[in-house]
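Asker: My questions concern the predicted model and sequence given below.
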Amino acid sequence: MQENTSTNKLPDYIALATAIKAWSKELGFQDTCIADAGADMSAVESGLFQWLDKGYHGDMDYMAKHGTKRTRPAELEPGTQRIISVCMNYSPPATKKSWDVINMGDQAFISRYALGRDYHKVMRARLQRLADKITAAVGQFNYRVFSDSAPVMEVAWAQKAGLGWRGKHTLLLSRQAGSMFFLGEMYTDLPLPVDETTGDYCGSCSKCIDICPTQAIIAPYELDARRCISYLTIELKSSIPESLRPLIGNRIYGCDDCQLVCPWNKFARITNENDFHVRNGLDDVSLIALFSWDQETFETKLAGTPIRRIGHQQWLRNIAVGLGNAPYSGEIVTALQARLDDASALVREHVQWALQQQDKKRTEQ
């Protein structure tokens with residue numbers, strides 16, 4: 001956290017909060033709200049520990065690593081009084097319709113948030129610029145910016161700040177923008193006025209629970225990450241459980257089903273950020289084409305994107321599953337056979353499984 005060396009007169013914090021929200025909009029954030037870092041988070045904290053005790057975090061050891069720092073900001077950054085939460089829309093323009101891609105078994109579906117530049121870099125850079133504007137107005141102050149980059153319960157704090165409510169799929173929902181946006185935070189010692197929380201507007205709707213391909217949403221507001229396709233294709237580094245592979249379909253990086261079916265996402269807005277626009281035609285590309293990428297092509301084409309972080313081996317693992325789930329095709333079989341001797345045992349295992357699936361479909365024709 002930046003050290004406070006200011007000797008300036010105390011600012012008008014009400015006016016400063018108003019200015020911060022105006023600067024945020026200028027910087028491309030769609031909404032900004034402020035939470036009290038000392039707010040009662042006992043229910044959230046208890047829920048987190050129960051979730052961890054059930055093992056729902058799977059191999060995400062980092063979820064258990066930092067204890068209460070996730071819900072007690074001052075333990076992570078001493079002196080934190082407020083959390084400024086921001087959101088930025090990511091839905092890119094002129095993309096192939098998601099359901100159309102999902103329903104075309106030989107095409108690759110990539111979660112729409114990952115089609116452009118890595119949001120971590122974009123969000124943190126913008127938050128830093130916001131901090132610079134605050135510094136210019138009041139002098140040096142204590143702060144630290146985050147975007148999915150530290151033990152911060154982003155959805156819980158965004159809900160506390162009033163940006164929206166946690167949906168039954170566990171993502172943040174807004175009446176104005178649905179759920180297709182990124183979150184970011186600034187921890188600060190500035191005693192800014194706080195905003196009011198909003199209500200929960202999911203009502204009796206259960207569309208997100210019903211649509212989940214792997215039934216990972218085991219109850220309203222409760223997700224077993226071990227079954228979630230986003231976890232399986234991004235966070236899980238080892239073999240994907242065989243029982244879940246057929247349920248993944250052609251989703252090779254993330255899954256948007258619970259968002260696509262959510263009624264509130266009729267209000268989701270197209271992003272104005274060029275950084276989030278589609279790169280390399282990844283919204284409409286065949287599984288075979290992506291499976292042909294060697295390590296160098298993968299690194300070059302996906303440089304600066306969130307996908308690059310999973311690495312080439314995991315990329316091939318995911319696509320192999322998609323190819324196994326695709327309708328039978330001689331082309332697919334040839335593509336898979338070309339990687340039967342891949343250097344990675346993980347890739348070879350999933351390629352062999354995919355070939356078995358293709359053979360079953362061939363005999364059923």
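Answerer: Nice, thanks for sending it over. Numbering: from 1, shown residues only.
Asker: since we're on Asp12, how many residues are nearby?
Answerer: Residue crowding around Asp12 was assessed by other CB atoms under 10 Å; the count is 11. Just so you know, the C-beta spots here come from the backbone N, C-alpha and C atoms, and that holds for glycine as well.
Asker: same check, this time on Tyr62
Answerer: 11.
Asker: contacting residues for the spatially closest residue to Trp157 that is not a sequence neighbour?
Answerer: Among residues not flanking Trp157 along the chain, Ile83 sits closest, at 5.0 Å (CB to CB, 6 or more residues apart in numbering). With contacts defined as CB atoms under 8 Å, 6 or more residues apart in numbering, the neighbours of Ile83 are Ile34, Ala35, Asp36, Ala37, Pro73, Trp157, Lys160, Ala161, Glu185, Met186, Tyr187, Thr188.
Asker: Can you give the distance of stretch 234-245 from its chain's centre?
Answerer: Using CA atoms, centre = their mean, to the nearest Å, the mean C-alpha position of stretch 234-245 is found 18 Å from that of the whole chain.
Asker: got a list of contacts for that stretch?
Answerer: Stretch 234-245 is contacted by residues 58-60, 214, 225, 227, 232-233, 248, 253-254, 310, 314, 317, 321, 324-325, 346, 349-350, 353 when judged by CB under 8 Å, 6+ apart.
Asker: So the residue nearest to Trp157: helix, strand or coil?
Answerer: Here Ile83 is strand, with the state taken from DSSP: H, G, I helix; E, B strand; the rest coil.
Asker: Relative to Ser46, how far out is it?
Answerer: Between Ile83 and Ser46 the computed distance is 20 Å (CB to CB, to the nearest Å).
Asker: And for Glu349?
Answerer: For Glu349 relative to Ser46 (CB to CB), the value is 39 Å.
Asker: Arg226 belongs to a helix?
Answerer: Yes. The assignment for Arg226 is a helix, going by three-state DSSP.
Asker: what about Glu349 and Ser46, which has more around it?
Answerer: Glu349 (16 against 11).
Asker: Tell me who's in contact with the more buried one.
Answerer: With the criterion set at CB under 8 Å, 6+ apart, Glu349 makes contact with Ser239.
Asker: before we move on, what about Trp99?
Answerer: Contacts of Trp99 by CB under 8 Å, 6+ apart are Leu260.
Asker: Just the element for it, please.
Answerer: helix 98-102 (DSSP states H and E).
Asker: and that helix, how far from the chain's centre?
Answerer: 19 Å.
Asker: List the buried residues for it?
Answerer: For helix 98-102, a neighbour-count test (16 or more other CB atoms under 10 Å) marks Ser98, Val101, Ile102 as buried.
Asker: can you check stretch 269-278 too?
Answerer: Those would be Thr271, Glu273, Asp275, Phe276, His277, Val278, for stretch 269-278 by 16+ other CB under 10 Å.
Asker: Counting only helices, which of these make the cut?
Answerer: When DSSP state H is applied, the buried residues of stretch 269-278 are split such that none fall in helices.
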